[in-house]
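Here's a sequence, model it:
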Amino acid sequence: MWEGTFQTDTPMEAVWEEYTDASCWHIWTKDIKWATLEGPLRDGAEGRVKYTGVPASPYRLSGVDRPHSFVIRLRILGGMVKVSFDHALIARHPEGTTIHERIGFGGPLGWLFGLLQRRRIERNWPKAMAQMAERAAERGSP
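Okay, the predicted model is just below:
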């Protein structure tokens, strides 16, 4: 498991809009080549994502609680690797947002995948959150 926290002055609603827009993920993180989401953002919604160096894989959303949290459950290599991305947004007062992400690795090869990905995540996640927050601030609240 890996956990990270990032602080931004960007309002939570604006962060939510950018963070949950799968069509933008590849713009603010170099780890994703492309991503899709079929239909609206809701529990049970499905999509596909292509991470660098990993086959395109299906994911499903759960725990969608606008604008506070959502979970992405990703299946790689037919479920040999299962990755859970738990996202939480917490409003900071008087303004701004705390972004918290927890990534869990499961499945028969999950432990190995997690071990191999940890350094990349630690190196790239803060940069991705900074770029995402900057785009969110430019985009503004809905």
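
what's the longest helix in this structure?
In the chain, assigned by DSSP state H, the helix with the most residues is helix 110-139.

Mind listing what's buried along that one?
By neighbour count, with 16 or more other CB atoms under 10 Å as the criterion, the buried positions of helix 110-139 are 110, 113-114, 117, 121, 125, 128-129, 132-133, 135-137. Where you see a C-beta, it was placed from the backbone N, CA and C, and this is true even at glycine.

wait, which of the residues you listed is closest to Arg60?
Lowest distance from Arg60 to the buried residues of helix 110-139 (CB to CB) belongs to Gly110, with 16.6 Å.

Which pLDDT does the model give the closest one?
Reading off the confidence values, Gly110 has pLDDT 97.

Verify the stated contact: it with Gly79.
No - in this structure Gly110 lies outside contact range of Gly79 using CB atoms under 8 Å: 9.9 Å.

backbone phi and psi for the closest residue to Arg120 other than its chain neighbours, please?
Sequence neighbours aside, Asp31 is the residue nearest to Arg120 in space, at 7.1 Å (criterion: CB to CB, 6 or more residues apart in numbering). The main-chain torsion angles of Asp31 are listed as degrees, to the nearest 10 and equal phi -80, psi -20.

can I assume Asp31 is in contact with Gln117?
No - applying CB under 8 Å as the test, Asp31 and Gln117 come out as separate, 9.2 Å apart.

now stretch 11-25: mean pLDDT?
Confidence for stretch 11-25, expressed as mean pLDDT, is 96.

So what touches that stretch?
For stretch 11-25, contacts defined as CB atoms under 8 Å, 6 or more residues apart in numbering pick out 8, 28, 32, 35-37, 41, 47, 49, 66-67, 70, 87, 89-91, 95-97, 99, 132-133, 135-137, 139-142.
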